[in-house]
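Colleague: sharing a model that was predicted from the sequence below.
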Amino acid sequence: MKGPIVIGLTIVILLALCLPISTVNAQTTYTITATAGSGGSISPSGNVTVGNGANQTFSITPDTGYHIADVLVDSSSVEAVPNYTFTNVIGNHTISASFAINTYTITATTGSGGSISPLGNVTVESGHDQAFTISANPGYNIVD
């Protein structure tokens, strides 16, 4: 009887060796570092974890009185875009947004009989004031 028991044990051991072993595969992730200069924001920001092969979209928003000057992806310009999507991510990346204050041009002119200072095209930044001095020549009045 010892023979069949040994054979039975051997079969059990062989069957156990033939069973598949399940493994846990850790998904590879990458980091996209997102930063924004003063005058606006990028969302999401900071170190953003992205799964292998996944997509990740970023929104770039200027503050009031500012506009997007440029967006750099991995140190290369992609122009002043309001959104950027990394597709099929298979490595680490960076995205950086820069902003500039809006400027406006006031054209100051005068006819004969007076002067205005400053004269000509005057650039004014958003949210700032610009003073003008208007003077009438003798014998003239300032009218609207």
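Modeller: Looks like it came in fine.

Colleague: which residue packs closest to Ser117, ignoring adjacent ones?
Modeller: Excluding the flanking residues, the one nearest Ser117 by C-beta to C-beta, 6 or more residues apart in numbering is Thr133, at 4.7 Å. From N, CA and C alone the C-beta is placed, and that goes for glycine too.

Colleague: the closest residue to Gly113 other than its chain neighbours: how many residues sit nearby?
Modeller: Ranked by C-beta to C-beta, 6+ apart and with sequence neighbours excluded, the top spatial neighbour of Gly113 is Tyr140, at 3.8 Å. Look at Tyr140: counted by other C-beta atoms under 10 Å, it has 12 neighbours.

Colleague: tell me how far Tyr140 lies from Gly114.
Modeller: 6 Å (C-beta to C-beta, to the nearest Å).

Colleague: same check, this time on His93
Modeller: Using C-beta to C-beta, we find His93 at a distance of 59 Å from Gly114.

Colleague: and what of Ser43?
Modeller: Ser43 is 52 Å from Gly114, by C-beta to C-beta.

Colleague: likewise for Thr87?
Modeller: Taken as C-beta to C-beta, the span from Thr87 to Gly114 is 62 Å.

Colleague: which one of those two has more residues nearby?
Modeller: Remark: of Thr87 and Gly114, Gly114 carries more neighbours, 13 against 9, as counted by other C-beta under 10 Å.

Colleague: ramachandran angles for the more buried one?
Modeller: Here is the backbone geometry of Gly114 (degrees, to the nearest 10): phi -180, psi -170.

Colleague: pLDDT at it, what is it?
Modeller: Per-residue confidence (pLDDT) for Gly114: 92.

Colleague: does it touch Pro138 like I think?
Modeller: No: using C-beta atoms under 8 Å, Gly114 makes no contact with Pro138, being 10.2 Å away.
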